[in-house]
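Visitor: Model the structure of this input:
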Amino acid sequence: MNKIETSYQITVADYRQASYYGMGLRQYKSLRVLILMAGAAFLSLCTSGVWDRGMELGVFLGAACLIWLFTIFGGAELGIRRYIKQKDTMIGCRYDVTLESHRIRFQVPERNVDISIKTGSLAAVFELNRQFLIYTSLQDAYILPFRALTEEQKEDLRSNFRYHLDQRFHENKRKPRRMP
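Guide: Have a look, this model is predicted:
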């Protein structure tokens, strides 16, 4: 892989996509239960003609699902809004990134951030629709938007992540939709 040097700024949209993806990873099991609950609500409503309590149970389960969803997504949005308002937010700061086959370096001069890590030591990398979400540890992640890379550079990075990270690289197999 050729050395890639790029600079960019993180936008609120970048941070929101990464936050919702992280929320989905953290809430994966509970979201599966929520889907089962929604299915049970639908089934109860469909069988309400045969079963006297079907309508009541379906409405109750449906309302519980809606409240649960609002709680999960409302909490995520509240966390995003809080982060945006923090004085030390990294949204809008300039990121200088150097990507080599064996090492990644993130620099954010405005926040005195300078981290360099071996590619094979990354905790995980997730390819989303518009960005790579690069976890340097289980708690720390850096966003690398696709707009900062050429198509060739993105493909080089994918190949490098596949080689160094194997199962810790989660590639997006779907093709992104083109905006009109």
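
Visitor: For residue 3, list the residues it contacts.
Guide: Applying Cβ atoms under 8 Å, 6 or more residues apart in numbering, one finds that residue 3 lies in contact with 98, 99, 100. All C-beta atoms are positioned from the backbone trio N, CA, C, and that covers glycine.

Visitor: Now flag whichever of those residues is closest to residue 125.
Guide: Within the set of these, residue 99 lies nearest residue 125; the separation is 11.3 Å, counting by Cβ to Cβ.

Visitor: related to what we said a few turns ago, with the contacts of residue 3 in mind, which one is nearest to residue 153?
Guide: residue 99 (8.0 Å).

Visitor: I'd like the distance between the closest one and residue 92.
Guide: For residue 99, the distance to residue 92 equals 22 Å [Cβ to Cβ, to the nearest Å].

Visitor: Between the two, which has more neighbouring residues?
Guide: When neighbours are counted by other Cβ atoms under 10 Å, residue 99 and residue 92 differ, and residue 99 comes out ahead with 23 against 11.

Visitor: For that one, give me the pLDDT.
Guide: Each residue has a pLDDT score; the one for residue 99 is 96.

Visitor: before we move on, what about residue 178?
Guide: Among the per-residue scores, residue 178 holds a pLDDT of 57.

Visitor: Would you confirm that residue 158 contacts residue 172?
Guide: No. With contact defined as Cβ atoms under 8 Å, residue 158 does not reach residue 172; the gap is 9.4 Å.
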